[in-house]
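K.L.:
Model the following, please.
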Amino acid sequence: MRWAILRELARGDLRVRELTAALDEPQSLVSYHLRRLRSSGLVATRRSSFDGRDAYYRVDLARCQDLFADTGAALHPALRLVAPPAPPPADRARVLFLCTGNSSRSQIAEGLLRQMAPDRAEAFSAGSRPKAVHPEAIRTMSERGIDISGARSKHLSVFATDRFDYVVSLCDRVREVCPEFPGTPRTAHWSVPDPAAEPERSGAFARVADELTERIRFFLHVLALRPTTPESN
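P.N.:
Next up, the predicted model:
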């Protein structure tokens with residue numbers, strides 16, 4: 001059961017009722033195993049910014065990676081796990097990042113993916129209620145050697161007829177209003193807090209950039225293994 005939960009969360013952040021439906025198991029059983037995974041530090045929870053009564057669960061892939069590596073090395077030195085580099089894809093994947101304002105999280109994610117995988121992905125971003133790109137997002141990315149000063153916020157309707165391989169929602173609110181895009185792209189939800197809503201903005205933007213960097217690092221392996229379809233050629 002715990003392995004099944006981890007597999008579901010590896011695809012994106014989910015609420016308890018979504019895990020219950022995906023696994024076709026009683027909520028009490030799923031909640032029990034989620035508590036065990038949380039106590040082991042393998043799963044974390046974050047209160048939904050859309051509905052405070054909800055919580056999103058996410059798997060800590062970096063901790064899973066470390067534990068697998070430690071387990072192999074403990075059994076035999078030859079089994080020390082070293083993550084291979086993501087193989088280059090046959091073509092570049094088109095990835096759309098969404099958040100409400102398209103001013104911080106999605107702009108940061110777009111800039112990071114472009115910098116981390118220019119030969120593997122085309123990155124785009126949009127929002128349901130776009131507003132000007134936040135100065136702290138520009139400054140935070142500049143500190144990482146990425147210039148997004150020329151970025152402009154866009155409404156998600158701009159891409160209504162575009163085809164994407166992946167659509168990734170970064171905001172609990174935009175997930176609830178995300179439209180369907182042509183070609184049935186694969187979707188994922190990353191429940192990332194709005195750094196502009198935090199009291200100490202400078203540190204909040206840095207934390208969001210760090211979290212998105214880690215998520216994208218693992219996401220690159222997903223992109224590399226995606227099946228090639230006639231529509232993506």
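K.L.:
Need the outlier residue of this structure, farthest from its centre.
P.N.:
What lies farthest from the middle of the chain is His76; by C-alpha atoms, centre = their mean that is 33.5 Å.
K.L.:
Now do the contacts for the residue nearest in space to the middle of the chain.
P.N.:
Residue closest to the average C-alpha location in the chain (C-alpha atoms, centre = their mean): Trp190, at 4.0 Å. Listed by C-beta atoms under 8 Å, 6 or more residues apart in numbering, the contact set of Trp190 reads Gly12, Asp13, Arg58, Val168, Ser169, Leu170, Leu212, Arg215. Every C-beta, even on glycine, is put in place using the N, C-alpha and C of the backbone.
K.L.:
ok, 10 Å please
P.N.:
Listed by C-beta atoms under 10 Å, 6 or more residues apart in numbering, the contact partners of Trp190 are 12-13, 56, 58, 97, 99, 105, 109, 168-171, 175, 211-212, 215-216, 219.
K.L.:
and these, which of them are in strands?
P.N.:
By the criterion of DSSP state E, membership of the contacts of Trp190 in strands covers Tyr56, Arg58, Phe97, Cys99, Val168, Ser169.
K.L.:
just checking, what packs against the lowest-mean-pLDDT helix or strand in the chain?
P.N.:
Here the helix or strand of the chain ranked lowest by mean pLDDT, DSSP states H and E is helix 61-75, holding a mean of 88. Counting contacts by 3 or more C-beta pairs under 10 Å, 6 or more residues apart in numbering; DSSP states H and E, helix 61-75 packs against helix 2-11, strand 43-47, helix 201-224.
K.L.:
For this protein, give me the ranges with low pLDDT.
P.N.:
Counting by pLDDT under 70, the low-confidence segments of the chain come to 83-90, 227-233.
K.L.:
Could you list the domains of it?
P.N.:
Structural domains of the chain, as assigned by automatic domain parsing, span the residue ranges 2-79, 93-232.
K.L.:
Buried deepest among the ones you listed, which one?
P.N.:
For the domains of the chain, the largest average neighbour count (mean count of other C-beta atoms under 10 Å) is found in domain 93-232, namely a mean of 19.
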